[in-house]
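Asker: I'll drop the sequence and a predicted model, then ask my questions.
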Amino acid sequence: MLKAQHYQWRDRLYIAILTGQSEALMEDERECLLGRWIHGEGMRRFRALPGFWELDYAHHRMHDVSQVLAGRDLSHFRPEELQRALQATEEASQQLLNALDSLDERGGLLYPGGGVVVRKEGGASGTQIPSGDMSPG
C-alpha cells in the first residue's frame, strides 16, 4: 500500500507543479504518511534491518529533490534545468520504491506471510505492505 500511496503522491506532485499549487502539497518529511511511519513504528520495529536505513535515506532524498521542483515556478526553469530536476525526482522516486521492496523482502523473512504492517496512530491496524508483487495496477 505504501508504494501505491507513493505513486499517488508523486502524481499529485507533478499535477500541483503544472498548476502552480505545489506549496500546498509539500510537507515536512516527518509529517507525511511514510515519514510518520518511518520515525514511529518503522523505527521501533525495523531499525535493525539494513533496508530500513536505505528507506529512510531514500525518503529524505525524495523530499529534497521534490523541493527543487516545488520551490520554483515552472516559468523560472530553463528547459535543461527542468529536465534535470524531473530526472532527479524520478530517480529518487525509483530509489524509494526499491527501498520499500527491499525492506518488505527483509521484513517478510522476519514475519513470514505478513510483510511489513503499518499501524495508524493509536495502534489500530492500518496499511499492510504485503509480501510479493506490489506493482501498481
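Answerer: Right, received. Where do you want to start? Residues are numbered from 1 along each chain as shown.
Asker: confirm that residue 29 sits in a helix.
Answerer: No: using DSSP: H, G, I helix; E, B strand; the rest coil, the assignment for residue 29 is coil, not a helix.
Asker: for it, grab phi and psi.
Answerer: The phi/psi pair for residue 29 (degrees, to the nearest 10) reads phi -60, psi -20.
Asker: mind checking how far the helix of greatest length in the chain is from the chain centre?
Answerer: Assignment by DSSP state H gives helix 79-110 as the longest helix of the chain. Counting by CA atoms, centre = their mean, to the nearest Å, helix 79-110 is centred 8 Å from the centre of its parent chain.
Asker: report all helices and strands that that helix contacts.
Answerer: Applying 3 or more CB pairs under 8 Å, 6 or more residues apart in numbering; DSSP states H and E, one finds that helix 79-110 makes contact with helix 2-19, helix 50-70, strand 116-119, strand 125-129. C-beta coordinates here come from the backbone N, C-alpha and C atoms, glycine included.
Asker: reformat the ones you listed as TSV; add distance to residue 104 and mean neighbour count.
Answerer: Below are these laid out as TSV (distance: least, CB to CB, whole Å; neighbours: other CB atoms under 10 Å):
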stretch	distance to residue 104	mean neighbour count
helix 2-19	9	15
helix 50-70	8	19
strand 116-119	6	20
strand 125-129	5	15
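Asker: having no further points to raise, I will conclude here.
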